[in-house]
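Q: Could you work out the structure for the sequence below:
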Amino acid sequence: MSSFVGVIVSDPWLQSQFTQVELRGLKSKFISARNQSGKVTLADLPPVLVKLKAIVDILTENEIRDILRESSPDLDQEVDFESFLRQYSDLQGRASAKVGGSKTSSSFLKETSTTLRHTIIGSEKASYVAHINSFLGEDSFLKDYLPIDPSTNALFELAKDGVLLCKLINVAVPGTIDERAINTKKVLNPWERNENHTLCLNSAKAIGCTVVNIGTQDLIEARPHLLLGLISQIIKIQLLSDLDLKKTPQLVELVEDSQDVEELMGLAPEKVLLKWMNFHLKKAGFTKQVTNFSSDLKDGEAYAHLLNALAPELGTTTTLDTTDPTERAKLIIEQAEKLDCKRYVTPKDIVEGSPNLNLAFVAQIFQHRNGLSSVENSKASFAEMMEDDAQTSREERCFRLWLNSLGVETYVNNLFEDVREGWVLLEALDKIAPGSVNWKQASKPPIKMPFRRVENCNQVVSIGKDLNFSLVNIAGSDIVQGNKKLVLALLWQLMRFSMLQLLKNLRHHSQGKGIGDADILNWANGKVKKSGRSSQMESFKDKTLSSGKFFLELLSCVEPRVVNWALVTKGETDEDKKSNATYIISVARKLGCSIFLLPEDIIEVNQKMMLTLTASIMYWSLQKSAEPASPSQRNNERGEPESPSQRNNAMTEPPSPRE
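A: Numbers count the residues shown, from 1 in each chain. As a prediction, this is how the structure comes out:
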């Protein structure tokens with residue numbers, strides 16, 4: 001293993017905000033700021049910070065100095081490296097708010113959910129409220145609280161119980177949360193409220209949201225910037241859900257041959273949306289290329305041509321003849337309203353180039369009128385060629401979402417395509433085994449020379465071998481070529497190693513010994529047996545696990561209040577098995593387990609997913625046993641009674657999810 005030592009930050013949250021590459025660079029910048037006395041003060045920082053990524057050309061030294069004075073009027077105050085990192089993180093948010101953009105194309109308000117100070121944009125809040133009113137207005141529980149008035153703080157108040165966020169996740173990706181697991185009483189106690197938010201955060205990760213710095217307390221307090229950041233990500237996932245070849249095979253019309261189809265499969269949904277927009281603009285004779293959802297759309301010309309091309313029966317020359325951008329924007333929205341696309345932007349949003357709302361508006365237009373013809377047979381065969389079998393597809397989804405949940409800088413949109421450069425795998429290794437990556441020998445994308453990709457992937461394989469992965473038949477070139485079977489094998493070992501390390505760190509009585517699959521199996525069986533129940537599993541491929549009863553009993557053993565047995569079926573029919581499986585996943589997430597499996601994985605007894613589920617429950621249980629007694633436990637010790645709702649739903653308050 002490389003002898004390179006990573007930069008360690010004592011604050012876990014702060015460490016999660018930066019990759020080792022960034023930390024090394026920032027450490028070097030911090031050291032360079034030392035004055036003649038060998039110390040670093042606030043006054044020494046502006047000349048250094050003004051040159052850093054995300055700040056350069058946006059904030060001036062004087063602006064940075066004024067911002068630093070807000071945190072401390074005394075600029076002669078000495079600062080350490082962690083204080084420097086916090087100041088930089090704060091300034092990133094200020095810079096982002098100033099330009100009105102986000103850090104990367106893969107994020108939707110991501111910048112506002114990863115910084116310390118934020119600017120809440122009223123038009124975005126109003127758009128998200130309109131979305132919620134539209135899609136949840138008929139919900140049996142929420143209809144008593146909707147519609148929300150966007151001019152008030154009603155959204156934040158309603159979100160405090162967690163029900164709204166859980167329901168919104170299910171709108172974005174139906175079936176993600178078993179609604180039987182949501183606490184939906186009119187008045188929730190603190191434990192029930194915490195359960196809902198824990199369920200929300202773990203489910204948000206499971207659909208692809210970035211929540212590395214959001215805890216349950218943030219949502220209970222309804223901190224506006226964090227709440228809106230999460231809501232916007234959920235809405236984005238819903239709006240972009242159809243920009244996928246499997247859901248919309250007509251997208252192959254955007255490319256010429258099979259090689260282009262593979263490239264299309266690897267694009268982020270936002271990039272596919274831009275490609276679709278430019279496809280229609282080119283056909284309409286519009287010569288400019290739209291490269292973003294901000295400055296390129298401010299004058300409204302692209303919108304006018306797009307709407308004329310998609311809805312020629314509504315076409316008009318008036319919009320293009322108008323020279324005033326605001327007046328043109330009004331006409332664009334009037335035309336879009338005829339296609340029932342009016343929810344997300346105002347004329348001001350278009351003219352000012354709001355990237356988030358423009359993206360939402362274009363995505364809504366795509367959903368209502370994509371203008372693509374039926375798939376030609378030749379192109380259809382390309383799409384079919386990209387199809388995976390069900391299990392491979394589920395594993396790809398699981399590992400992709402897991403990688404993103406680590407807080408790596410590179411967002412993974414298509415697993416087999418995005419790992420080919422090796423960089424995101426090195427980022428993951430750096431998170432899981434700090435100091436294992438030699439960044440001096442790594443190349444950051446975009447990589448033009450193929451051998452650099454191989455170098456990155458060779459280092460991935462080398463580190464894997466140092467970590468005792470079984471990589472006998474895997475070489476760096478296999479990853480570069482996107483060999484699905486070998487990539488999945490590598491990622492499974494990476495996930496398993498991460499899991500076992502977490503358990504080893506918590507299980508103090510292991511006395512430095514490693515924890516293996518057998519230890520997890522024995523722990524689970526021991527827990528269930530100790531409770532007086534008879535269920536046991538022979539292995540992680542035990543077919544009796546498909547009924548779901550063992551996992552429900554295990555969950556009940558680690559936290560008796562979390563399972564409502566009135567909702568559990570016998571698990572004999574396929575329908576009953578699915579009912580139990582969906583309930584298991586939501587109950588586990590409600591506890592605080594970060595898991596990415598699907599009900600089908602339980603029903604079919606996917607050995608790998610059974611191990612991850614059991615290990616996640618074990619990890620939560622060991623975390624809980626290491627904490628002091630909760631208020632409810634102390635009440636029980638004093639003999640104070642519990643209400644039926646507490647027995648059915650409440651649980652001891654778990655820690656905020658650790659990302």
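Q: Between the two ends of stretch 466-481, how far is it?
A: End-to-end span of stretch 466-481 (C-alpha to C-alpha, to the nearest Å): 23 Å.
Q: buried set for it?
A: Neighbour-count burial for stretch 466-481 flags 467, 469, 471, 474, 476, 478-481 (criterion: 16 or more other C-beta atoms under 10 Å). For the C-beta atoms, the positions are set from N, CA and C on the backbone; glycine is no exception.
Q: Now do it: everything it contacts.
A: For stretch 466-481, contacts defined as C-beta atoms under 8 Å, 6 or more residues apart in numbering pick out 1, 419-422, 425, 433, 436, 450, 453-461, 464-465, 486-487, 489-490, 493-494, 497.
Q: Pick the one among the buried residues of stretch 466-481 closest to Leu429.
A: Leu467 (8.2 Å; C-beta to C-beta).
Q: For Ile602, which non-adjacent residue is spatially closest?
A: Ala581 (4.0 Å; C-beta to C-beta, 6 or more residues apart in numbering).
Q: who's in contact with that neighbour?
A: Applying C-beta under 8 Å, 6+ apart, the residues contacting Ala581 are 548, 599-600, 602-603.
Q: re earlier: buried ones among the contacts of stretch 466-481?
A: 419-422, 425, 433, 436, 453-461, 464, 486-487, 489-490, 493-494, 497.
Q: Can you name the secondary structure element that comes next after the helix or strand containing Leu26?
A: For Leu26, the host element (DSSP states H and E) is helix 20-32. Downstream of helix 20-32, the next assigned helix or strand under DSSP H and E is helix 46-49.
Q: Give me the buried positions along that following helix.
A: 46, 48-49.
Q: elements contacting that helix?
A: Helix 46-49 is packed against helix 20-32, helix 61-71, helix 81-99, with contacts defined by 3 or more C-beta pairs under 8 Å, 6 or more residues apart in numbering; DSSP states H and E.
Q: and of these, who's closest to Ala130?
A: helix 81-99 (22.6 Å).
Q: What helices and strands are in contact with that closest one?
A: Helix 81-99 packs on helix 12-16, helix 20-32, helix 46-49, helix 61-71, going by 3+ C-beta pairs under 8 Å, 6+ apart.
Q: list the buried ones in it?
A: 81, 83-97.
Q: One more: stretch 442-455?
A: Quick answer for stretch 442-455 (16+ other C-beta under 10 Å): 442-443, 447, 452-455.
Q: So Asp244: helix, strand or coil?
A: Here Asp244 is coil, with the state taken from DSSP: H, G, I helix; E, B strand; the rest coil.
Q: Now do Val56, the pLDDT please.
A: We have a pLDDT of 76 for Val56.
Q: ok, longest helix in the chain?
A: In the chain, with assignment by DSSP state H, the single longest helix is helix 484-506.
Q: pLDDT averaged over that one - what is it?
A: For helix 484-506, the per-residue pLDDT averages 92.
Q: and the residue most central in space within the chain, backbone torsions?
A: The centre of the chain sits closest to Cys209, judged by C-alpha atoms, centre = their mean, with a distance of 2.2 Å. The phi and psi values for Cys209, taken as degrees, to the nearest 10, are phi -80, psi 150.
Q: Could you say which helix or strand holds the nearest residue to it once chain neighbours are set aside?
A: With sequence-adjacent residues excluded and distances taken as C-beta to C-beta, 6+ apart, Cys209 is closest to Gln233, at 4.4 Å. Following DSSP H and E, the helix or strand that holds Gln233 is helix 224-239.
Q: and the helix or strand following that helix, what does it pack onto?
A: Remark: after helix 224-239, the chain's next helix or strand is helix 258-265, criterion DSSP H and E. Applying 3+ C-beta pairs under 8 Å, 6+ apart, we find helix 258-265 packed against helix 377-385.
Q: just checking, next helix/strand downstream of the helix it packs on?
A: The helix or strand immediately downstream of helix 377-385 is helix 390-405, counting by DSSP H and E.
Q: Keeping just the C-alphas, turn that next one into CSV.
A: What follows is helix 390-405, C-alpha atoms only, in CSV (Å, rounded to 0.1, in the frame of the first residue of the first chain):
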residue,chain,number,x,y,z
ALA,A,390,-32.4,-7.5,-13.9
GLN,A,391,-29.8,-8.4,-11.3
THR,A,392,-26.9,-6.6,-13.0
SER,A,393,-29.1,-3.6,-13.4
ARG,A,394,-30.0,-3.6,-9.7
GLU,A,395,-26.4,-4.1,-8.6
GLU,A,396,-25.3,-1.2,-10.9
ARG,A,397,-28.0,1.0,-9.2
CYS,A,398,-26.9,-0.1,-5.7
PHE,A,399,-23.2,0.6,-6.2
ARG,A,400,-23.8,3.8,-8.1
LEU,A,401,-26.0,5.2,-5.3
TRP,A,402,-23.5,4.0,-2.7
LEU,A,403,-20.6,5.7,-4.3
ASN,A,404,-22.5,9.0,-4.5
SER,A,405,-23.5,8.6,-0.8
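Q: tell me the mean pLDDT over it?
A: 91.
Q: Widest-spaced pair of the contacts of Ala581?
A: Going by C-beta to C-beta, the pair spanning the contacts of Ala581 furthest: Gly548 and Glu600, at 12.3 Å.
Q: between the two, which one's more packed in?
A: Neighbours were counted for Gly548 and for Glu600 using other C-beta atoms under 10 Å; Gly548 has more, 26 against 14.
Q: correct me, but the more buried one touches Asp601?
A: No - with contact defined as C-beta atoms under 8 Å, Gly548 does not count as touching Asp601 (11.5 Å).
Q: for the buried residues of stretch 466-481, which one is nearest Lys143?
A: Checking those against Lys143 by C-beta to C-beta gives Ile479 as the nearest, at 50.2 Å.
Q: The residue nearest to Val173 when sequence neighbours are not counted - how many residues pack around it?
A: For Val173, ignoring the flanking residues on the chain, the nearest one in space by C-beta to C-beta, 6+ apart is Ile207 at 4.6 Å. Using other C-beta under 10 Å, Ile207 is surrounded by 19 other residues.
Q: Can you get me the start-to-end distance on stretch 519-538?
A: Chord length of stretch 519-538, first to last residue, is 13 Å (C-alpha to C-alpha).
Q: Any buried residues in that stretch, and which?
A: For stretch 519-538, a neighbour-count test (16+ other C-beta under 10 Å) marks 519-521, 523-525, 527-528, 535, 537 as buried.
Q: one step back: ok, now which ones touch the residue nearest to the centre of the chain?
A: Taking C-beta under 8 Å, 6+ apart, we find Cys209 in contact with 230, 233-234, 237.
Q: mind showing which ranges of the chain have poor pLDDT?
A: 1-6, 9-21, 71, 96-121, 258-259, 374-388, 507-512, 626-659 (pLDDT under 70).
Q: Remind me which helix or strand the nearest residue to Tyr145 once chain neighbours are set aside belongs to.
A: Spatial nearest neighbour of Tyr145, chain neighbours left out: Leu158 (5.4 Å); criterion: C-beta to C-beta, 6+ apart. If you go by DSSP H and E, Leu158 is part of helix 154-159.
Q: then that helix to PDB, C-alphas only?
A: This file holds the C-alpha atoms of helix 154-159, laid out as PDB (Å, rounded to 0.1, in the frame of the first residue of the first chain):
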ATOM      1  CA  ALA A 154     -45.800  27.600   5.800                       C
ATOM      2  CA  LEU A 155     -43.500  25.200   3.800                       C
ATOM      3  CA  PHE A 156     -40.900  25.200   6.500                       C
ATOM      4  CA  GLU A 157     -43.400  24.600   9.300                       C
ATOM      5  CA  LEU A 158     -45.100  21.800   7.400                       C
ATOM      6  CA  ALA A 159     -41.800  20.100   6.700                       C
END
